[in-house]
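**Q** starting from these lines, generate the structure:
(one chain, ligands or ions: 2)
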Amino acid sequence: MERNNGKNGDAPVIAIDSVTKTYQMGEVAVHALRGVSLAIHSGEYVAIIGASGSGKSTLMNIIGLLDRPTSGTYAIRGQEVGQLGKSAQADIRNREIGFVFQRFNLLPRTSAQAQVELPLFYAGITGPKARRRAVDALTRVGLGERIDHRPDQLSGGQQQRVAIARALVTQPSLLLADEPTGALDSKTTAEILDLFDELHAQGLTLVVVTHEHSVAERAGRVITVSDGAIVGDALAARPAPTGTAANGFAGAPPALSPTGTAVAR
Ligand SMILES: Nc1ncnc2c1ncn2[C@@H]1O[C@H](COP(=O)(O)OP(=O)(O)OP(=O)(O)O)[C@@H](O)[C@H]1O
Ligand SMILES: [Mg+2]
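**A** Numbers count the residues shown, from 1 in each chain. Ligands and ions are numbered 1, 2, ... in the order given. Below is the predicted model of the structure:
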């Protein structure tokens, strides 16, 4: 696939070392991340689970270059990026990373096609080429027939597909999704998860934050965050396609291969 973005081919896509994030709220320091180390390699499909407030979104925002660590290092494909300036980070984000959010974050009164073209504009791609790529991305997520629809003319699942097309149109090597199915019903969730499976099969690296075991079960690797630290990191046997959700991930790590490593503090 054409997603060799240069750099060190063997380096992990994501290498995070001893990352902390502290929010200062007046007198009170909130330790959202307390020293997280993590490597994610090309082609992995990783779920991040953990209780509300455990630091999942904080970690995702750092991985997605939407926020920066208080301390520690972050490298993408061997290049240190955690402390780069805002515009250098924006360049890398635009080139390497697609981000999908729980609430879709689409622009109102804007057609699917225009939403998906927007990141191309920031990458300096405009005109017919941008239009073609937007339509291709929308077709890839199954919305080739809906390119002129605005968000209020689309279902929740379709809106999330537009958001996924928008995340993919720049051909990132990494797709980050923070609770992407949190606002969707179970049928629509299943459709989005099928789409993620396809994207993963096409070589995309995926990191998905979720509360839902049915979502985590699709990933090959499940990282558990608790109180700002990684307390479980395990390779999961993929479930049978029919998906018996009962043998879920709650509490102790699920049936796992011995390569799962716990990174306890
Ligand atoms: N901008 C901020 N300023 C201050 N504290 C913050 C900020 N963002 C997050 N926090 C705090 O950091 C901790 C981790 O928050 P985070 O949003 O990462 O949790 P989460 O695991 O994503 O939770 P949820 O499952 O509810 O989305 C929480 O205690 C939260 O209150
Ligand atoms: Mg969150």
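**Q** which residues of the stretch 151-265 of the chain fall in strands?
**A** Using DSSP state E, counting those that start in this stretch, the strands of the stretch 151-265 of the chain run over 174-178, 205-209, 221-226, 229-235.
**Q** just put those in a markdown table and tack on mean pLDDT.
**A** Converted to a markdown table, these look like this (pLDDT from 0 to 100):
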| stretch | mean pLDDT |
| --- | --- |
| strand 174-178 | 96 |
| strand 205-209 | 97 |
| strand 221-226 | 97 |
| strand 229-235 | 96 |
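**Q** would you mind giving those as TSV with mean neighbour count and distance to ligand 1 added?
**A** Glycine gets a C-beta too; all of them are placed from N, C-alpha and C. As requested, those are exported to TSV (neighbours: other C-beta atoms under 10 Å; distance: least, C-beta to the nearest ligand atom, whole Å):
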stretch	mean neighbour count	distance to ligand 1
strand 174-178	25	7
strand 205-209	25	7
strand 221-226	22	7
strand 229-235	21	12
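**Q** pLDDT weak spots in the stretch 151-265 of the chain?
**A** 237-265 (pLDDT under 70).
**Q** just checking, what packs against the longest helix seen in the chain?
**A** Counting by DSSP state H, the longest helix found in the chain is helix 186-201. The contact analysis (3 or more C-beta pairs under 8 Å, 6 or more residues apart in numbering; DSSP states H and E) places helix 186-201 against helix 156-168, strand 174-178, strand 205-209, helix 213-216.
**Q** buried residues in that helix, which are they?
**A** For helix 186-201, a neighbour-count test (16 or more other C-beta atoms under 10 Å) marks Thr188, Thr189, Ala190, Glu191, Ile192, Leu193, Leu195, Phe196, Asp197, Leu199, His200 as buried.
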